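J.: how would this look folded up:
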Amino acid sequence: MATDNAQKILDSINTAEMTSLAEQLVSIPSFKTEETEVARFLEGYFSDRGYEVQVQEVEPGRLQTIAILRGTGGGKSFMLNGHTDIDPLAMGWKRDPWTPSVEDDRIYGGGIRNMKAGVASMITAAEALRTSGVERRGDIVIACVVGELQGGVGTIYLCENGPLADMAVIPEPHGANNILTTHAGVVEFAVHIIGNSRHIVRKDEAVDAIANMAKAIPALNAVQFTHTPREDLPGLPRINVGAIIGGRGRDYDLRGPNWVADFCTALVDVRFLPGMSSESVRADIERALDAIKSDDPDFQYEIEMPPDPKHRVFTRVMEPFDLPKDEYIVDAVLRSFRAVTGREPDGFGTVLPGSYTGDDTTHLWRAGVSCLLYGAGGASESETIPDEYVRIPDMEQVARVLALTALDVISLPAD
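T.: Presented below is the predicted three-dimensional model:
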């Protein structure tokens, strides 16, 4: 890329507008399945600035916003992809999570870390290219998608319906000095235990689904997964039983504690290695539960993968992602990072604990889009905590690296 054009773009990064945009995004709560209001806000934001805007209805009444900054033609296309759904809030907030605040060099607010700071950074990068006056050969796609926290609902829709691009970066919150090209596979599922309900006075005739779930949980936690270990991912595979509910009937009627429960559900998350698959994970789970069933004919179970959407957990599988290091996007982001910071990244490739998570790169890669992860972290690199924050200088650094990467890619001749 021409040095003068790169400098014009860097000079066009507007930190004050980036911070203001992040504050506006935070002020609109957007838990998974509840992103439409923020999608409408972004529709107006992009329309006011002359982008070509698509509002996609991913599910009835559930919208995501895609903006396109058209080039003059003849260049490769580049996507910035960020999700607008946010994690549930932890207990213990001292601030109003929906009233963002800036203190020193930090911005606080609900969902700022994962990943409204990233969305603000990527839009700021696109805005720098738009306002700099530098010629753009290729198109830039800014995808503000829903449902990444459900396994990538919005990006899967995007992959099936377009628009896509030649290359992409997702600014997930793994730290402004880390570039990730590898992440775990993620599958969430329900294990249902089926019993036989009787009144407490005839409890000896019942099959207690909750009691049998108590047998299932140790077996789940001790599953021996079929896999080939990797030194760079020593904590994988791993499993977590994250929620349990039991009662009478498949709707878990809780009004009758005088009745033995005949239905109990555990919601389970598994993080697995490249080389494994959701199918192999399921087979390993079934083998562990079948061992209980062989000793106890009253032990009956079902596996629901993916689980019913009513549980509001992952409804899609994120298969493992391991980008080949010779992909052009890797060098493009590394060059841009060095140009902005004057040094090498702290972490590159597999970066822990970030690489134990899943994200939308897996879906883009399978759709033919070469992509990786680069975004500002926050108060914690791996979890949502009360009064979460992101450092504004980190957001600015990410915006600068993304802007130079975009210029690099869209300056390449199209095939």
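J.: list the contacts for residue 402?
T.: By CB atoms under 8 Å, 6 or more residues apart in numbering, the contact set of residue 402 is 80, 121-122, 125, 169, 171, 336, 374. Using the backbone N, CA and C atoms, a C-beta is placed for each residue, glycine as well.
J.: How much space separates residue 296 from residue 156?
T.: Residue 296 sits at a distance of 39 Å from residue 156 (criterion: CB to CB, to the nearest Å).
J.: of these two, who's got more company?
T.: Higher neighbour count among residue 296 and residue 156: residue 156, with 24 against 11, using other CB atoms under 10 Å.
J.: Now the more buried one. Nearest residue, chain neighbours left out?
T.: Setting aside the residues directly before and after it, residue 156 is nearest to residue 363 in space (CB to CB, 6 or more residues apart in numbering), at 5.4 Å.
J.: pretty sure that neighbour is touching residue 160, no?
T.: No - counting by CB atoms under 8 Å, residue 363 stays clear of residue 160, with 9.6 Å between them.
J.: Looking at the two, which has the bigger crowd around it?
T.: Shown here are residue 363 and residue 160; by other CB under 10 Å, residue 363 has more neighbours (28 against 10).
J.: Using CSV, write out every CA atom in the helix or strand where the more buried one lies.
T.: According to DSSP states H and E, residue 363 maps onto helix 361-366. Taking C-alpha atoms only, helix 361-366 is exported to CSV below (Å, rounded to 0.1, in the frame of the first residue of the first chain):
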residue,chain,number,x,y,z
THR,A,361,-14.5,-17.3,11.7
THR,A,362,-15.4,-21.0,11.4
HIS,A,363,-18.5,-20.2,9.3
LEU,A,364,-16.8,-17.6,7.1
TRP,A,365,-13.9,-20.0,6.4
ARG,A,366,-16.2,-22.7,5.4
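J.: what does the helix or strand that it is followed by contact?
T.: Per DSSP H and E, the first helix or strand lying C-terminal to helix 361-366 is strand 370-373. By CB under 8 Å, 6+ apart, the residues outside strand 370-373 that reach it are 79, 81, 166-172, 174, 179-181, 183, 323, 327-330, 333, 354, 359, 361, 364-365.
J.: swap in stretch 270-283?
T.: Applying CB under 8 Å, 6+ apart, the set of residues contacting stretch 270-283 is 182, 184-189, 225-230, 233, 235-240, 285, 303, 305, 317, 319-322, 356-358.
J.: Buried members of these into PyMOL, please.
T.: Filtering the contacts of stretch 270-283 down to the buried ones (16 or more other CB atoms under 10 Å) takes a single PyMOL command:
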select buried, resi 182+184+185+186+187+188+189+225+227+233+236+237+239+285+305+317+319+320+321+322+356+357+358
